[in-house]
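Asker: Need coordinates for the following:
(3 chains)
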Amino acid sequence: MPARPLTDPTTAGWARALLDNRQFASPIHALNPLTTVVLGGAALALALSLPSLVGAIALVLILAALAVAARSLGRLGRPALTAAAVLGGLIWLISIASGGAALDAARHAAEGALRVASIVLGVGLVATTVVPAALGLDLERRGVSRRFATGAVAGLGWGPGLARRLTAISAAQRARGLRLARDPLTRLRQSAPILLPALVTSLGGLSERTIALEARASGHPGRRSLLWAPPDPTGERLLRWLLLVVVGLSLVVRIAGRAG
Amino acid sequence: MLRLECRSYTYPGARVAALREIDLVVPHGGVVGVVGANESGKSSLCLVASGMAPGVVGGALEGRLEIDGETMTGRPVFEIAQRVGLGLANPVSQLSGQTLTVFEEVALGPMNLGLDAARTVQRVEAALAAVRIGHLALQPPTELSGGETQLVVIAGLLAMEPSHLILDEPTSELDPIGTRLVAEVLHELAHRGTALLIVEHRTDLLDGLCDRIVVMDSGRIVDEGPAETILGQPGIADRGIEPPARFRLSRALEAAGGAVGPGSLRQALGGWPHP
Amino acid sequence: MTDRLELDSVSFSYPNGRLALEGVSLEIAAGERVAIVGQNGSGKSTMALHLNGLLRPSTGRVLLAGADIRAASTAELAGRVGLLFQNPDLQLFEERIRSEVEFGPGNLGISGAHLEQVVDAALEATGLSANADANPFVLGFSRRKMVALASVLAMDTGILVLDEPTTGQDAPGIRRVEEIVAGAAGRGRTVIAISHDLRFVAENFDRIIVLGLGRVVLDGPPEVVFDGSAAAILAGSNLEPPPAVRAGAWFGLGCTPTEAGFVAAYLARHGPNPHQPEIPPGALPGD
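Answerer: Below you'll find the predicted structure:
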């Protein structure tokens, strides 16, 4: 990334530069991180509560379209399809086994498959487009305590780092002749040489990072004045409220449907 | 002036003290080097002299850390951190992982202290200039070389405006370019009057940078004095410390019957690392 | 026992598209002591990972004793090529040093008295015999590196590949690594070391391969690689010759890669002068 020459070296100038400096891979990436999180949460809630098959189909199509817009469909497509196939198959089997009609079983299976695909797509959208550091700043700007915001950031960043470390550890142990077995029981016995170094490296890095953060006053209480935070256009705020309303309605209908 | 008087320091859960009978002084604007074999207590000294032990690490300290006559021991770590900064060997594990640009990484300290935006920007600009990485301000801190990352860490510490900076093996995990980069900045900082306490195996780096050298062994300070004197002593090799090249070569020549002094060799070797 | 190693036009690109090795061809005979140097990003570690099959070439072949290793798994190759990683914490997991060092040879099917023998020898060589029952995690980083080195040595492989073996070591630690290199070579093993420490390289290796941007840029003995004529190439890789070389150049003694060599060359030129006072700067040629 080329460093842009700073034309206005004042406080406001730097704040603007930090904001403008961000580059987004897609319009979805450019959304306020809270909006994306609400979107993912709404997808989850709707996937579980939408009353009809038509609703489930519509939800999946909308999320797939968003995934395309976010250029993540490639990465999310396979996990979504796998989850859908597995759950759909299970539901179909159970339905048939408990004496249900073939058509009913197929319908239940299809609904289940679509719902779980929606969940994977929704959560995946958040995972692939939200930058944890930006989310942390946004939450802090809204008054969330810094410790909580930092915790959210750390939690989100944990996945990819751990995956990389496990790969490196697996390579190091294979270089010492470890043959990774095919059967799960032996794999379990082989977990120590893979998992223990992972645990130790994450703890070790943790103590150095803790010291480094304390050296920069991470223990200082009180609010910070932020240099910048992700913008929050009115349109997105309205969208978030709309989503909450839709989810609320869907839940009400679902509960009423059950009661009635 | 930083003064550490430590009768003993023991890590939590340890049976044996890691440090004993320490009396360390780092004067204002002074540059003090610390040498010793591995596990001689150098890192423990850095942790205690910066207040990180017992403040963050825990453990039992019998003694006192004083800066400019004020007692630091017992104060909250964020207060001590504004008087003395601590940098460690691995640059990447010292990044917060919470920031998107070098500027924000360096701004982390001032922001944590609750300083307003204007003062934060002021401190960050000064810190970036001091380590000469202004051109990296808008880069992601995770995409830099090892040496550049270490400079970001040092800038982050300088943004706290400490009077003393303690660096525990700042170049041991860096390649030759990174080492040179950091060494040049250390010379610059020393020149500007920042008080430095530097632990290093590379005695060539300390040679020409430090006024005084402290030698550690088994948790104690066993020798100290002017850098030239200490580094020139043949005995330091017995303590597991590699003498600087000019002393090593000069001694080898002398043993074989030749005679070229370390002074001439300093010229021959170009006064590495080329300050 | 020790195999010949060959890289035949090996090129390698990472999944993200970065070309890390380009057309690397070289041969390492059994028993050679070879150092691989170059700045970060030159492909040093990438090349090391090809030697035991952890990475497979995008094009080209890696041959061990004349046979392509493509079909062999890393675990199978581990008995012939031992690789020491830069970060020991990627490997350590046992509670006792002895158990940790037994892991590698154990995987190779070594047991009983033979196992005890190789483990004892490895612990002796790395200075850990007294600590064999200690927990590796209470040791400092440099000693944990020694434990990792011991665990590779105990596998008694014909080829040893060491990635930055001296980083973080104090002077006695470096001496130990040097003795291990000499000892292994003395037993006919091939030793390949990646290192930033050019003094360590010049003093202990017969052959230096300089990598730059994924290509072999220089390949020869220290006297050739550190000779003044190659200075520009070294500088291009941001590598600086060790003190002995610079001192030799300053005094006009030709290329003297080792400190003993510098001393000998100086005395050969100027003769022994036990009572000569310190020669003032400016009095010698090259001042």
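
Asker: And the residue of the stretch 1-150 of chain C closest to chain A?
Answerer: Of all residues in the stretch 1-150 of chain C, the one sitting closest to chain A is residue C:107 (3.1 Å; CB to the nearest CB). In this view, the C-beta of every residue, glycine as well, is placed from N, C-alpha and C.

Asker: Spatially nearest residue to that residue (excluding sequence neighbours)?
Answerer: residue A:177 (3.1 Å; CB to CB, 6 or more residues apart in numbering or on different chains).

Asker: right, and that neighbour touches residue C:155 too?
Answerer: Yes. Under the criterion of CB atoms under 8 Å, residue A:177 makes contact with residue C:155 at 7.0 Å.

Asker: ok, those two, which is more surrounded?
Answerer: Each of residue A:177 and residue C:155 has its neighbours counted (other CB atoms under 10 Å in any protein chain shown); residue C:155 has more, 26 against 23.

Asker: What are the neighbouring residues in contact with that one?
Answerer: Contact analysis of residue C:155 by CB atoms under 8 Å, 6 or more residues apart in numbering or on different chains lists A:176, A:177, C:78, C:79, C:82, C:104, C:105, C:108, C:118.

Asker: So which of those is surrounded by the most neighbours?
Answerer: Neighbour max across those (other CB under 10 Å) = residue C:104, 30 neighbours.

Asker: one step back: max pairwise distance over the contacts of residue C:155: which two?
Answerer: The distance between the two most remote of these (CB to CB) is 14.3 Å, for C:78 and C:118.

Asker: Stretch A:125-132 near chain B anywhere?
Answerer: Yes. With CB under 8 Å from any CB of the partner chain as the measure, stretch A:125-132 is seen reaching chain B through A:131, A:132.

Asker: so where is chain C shaky, pLDDT-wise?
Answerer: Residue ranges of chain C with pLDDT under 70: C:1, C:273-287.

Asker: I'd like to know how many residues surround the residue of the stretch 1-150 of chain C closest to chain A.
Answerer: Other residues close to residue C:107 by other CB under 10 Å number 19.

Asker: Now do the same contact list for it.
Answerer: Here residue C:107 is in contact with A:176, A:177, A:178, A:179, C:75, C:78 (CB under 8 Å, 6+ apart).

Asker: ok, back up a step: determine the residues that are contacts of both of residue A:177 and residue C:155.
Answerer: Here residue A:177 and residue C:155 have C:78, C:79, C:104, C:108 as joint contacts, going by CB under 8 Å, 6+ apart.

Asker: Setting aside sequence neighbours, what's the nearest residue to residue C:110?
Answerer: residue C:118 (6.5 Å).

Asker: Would you agree the one you found falls within a helix?
Answerer: Yes. Counting by DSSP: H, G, I helix; E, B strand; the rest coil, residue C:118 is part of a helix.

Asker: in the chain, which ranges drop under the pLDDT threshold?
Answerer: Since no chain was named, I'll use chain A. Along chain A, the model assigns pLDDT under 70 to residues A:1-9, A:152-161, A:204, A:259-260.

Asker: Actually, chain B is the one I wanted.
Answerer: Low-confidence segments of chain B (pLDDT under 70): B:271-275.

Asker: Mind naming the longest helix for chain C?
Answerer: Criterion DSSP state H: the longest helix present in chain C is helix C:171-186.

Asker: Only C-alpha atoms, please: export stretch C:230-238 in CSV.
Answerer: Below are the C-alpha coordinates for stretch C:230-238, written out as CSV (Å, rounded to 0.1, in the frame of the first residue of the first chain):
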residue,chain,number,x,y,z
ALA,C,230,32.1,-10.4,-5.0
ALA,C,231,31.6,-7.4,-2.7
ALA,C,232,29.0,-5.8,-4.9
ILE,C,233,26.9,-8.9,-5.1
LEU,C,234,26.9,-9.3,-1.4
ALA,C,235,26.1,-5.7,-0.9
GLY,C,236,23.1,-6.2,-3.2
SER,C,237,21.8,-8.8,-0.8
ASN,C,238,22.5,-6.5,2.1
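
Asker: Run a quick neighbour tally on residue A:165.
Answerer: Residue A:165: 18 neighbours (other CB under 10 Å).

Asker: after the one helix or strand it maps to, next one along is what?
Answerer: In the assignment (DSSP states H and E), residue A:165 maps to helix A:146-174. Where DSSP H and E defines the elements, the next helix or strand beyond helix A:146-174 is helix A:184-189.

Asker: list the buried ones in the helix or strand following that following helix?
Answerer: Later in the chain than helix A:184-189, the nearest helix or strand by DSSP H and E is helix A:191-214. For helix A:191-214, a neighbour-count test (16 or more other CB atoms under 10 Å in any protein chain shown) marks A:193-194, A:196-198, A:200-201, A:204-205, A:209, A:211-214 as buried.

Asker: So which residues of chain C form helices?
Answerer: Remark: helices assigned in chain C by DSSP H are C:44-50, C:74-77, C:97-107, C:112-125, C:141-153, C:171-186, C:198-204, C:222-225, C:231-236, C:243-250, C:259-270.

Asker: Geometric centre of the chain: which residue is closest?
Answerer: Reading this off chain A. Centroid check for chain A by CA atoms, centre = their mean gives residue A:127 as the closest residue, at 3.0 Å.

Asker: Please refer instead to chain C.
Answerer: Short answer for chain C (CA atoms, centre = their mean): residue C:193, at 1.4 Å.

Asker: Identify the residues contacting that one.
Answerer: Counting by CB under 8 Å, 6+ apart, residue C:193 makes contact with C:34, C:35, C:36, C:161, C:162, C:165, C:181, C:200, C:201, C:204, C:205.

Asker: these two touch, right, the first one and residue C:28?
Answerer: Yes. Residue C:34 is within contact range of residue C:28, at 5.6 Å (criterion: CB under 8 Å).

Asker: Test my guess that residue C:21 contacts residue C:11.
Answerer: Yes. Between residue C:21 and residue C:11 there is a contact under CB under 8 Å: 5.7 Å.

Asker: Between those two, which contacts overlap?
Answerer: Contacts common to residue C:21 and residue C:11, judged by CB under 8 Å, 6+ apart, are C:57, C:214.

Asker: So between these two, which is more surrounded?
Answerer: residue C:21 (27 against 16).

Asker: Kindly provide the distance from the more buried one to chain B.
Answerer: Distance, residue C:21 to chain B, by CB to the nearest CB, to the nearest Å: 19 Å.

Asker: any idea where the strands of the stretch 151-275 of chain B begin and end?
Answerer: Using DSSP state E, counting those that start in this stretch, the strands of the stretch 151-275 of chain B run over B:164-168, B:195-199, B:212-217, B:220-226.

Asker: Tell me if the first one is near chain C.
Answerer: No. Applying CB under 8 Å from any CB, one finds that strand B:164-168 is not in contact with chain C, the shortest distance being 11.6 Å.

Asker: Brilliant, that's me finished.
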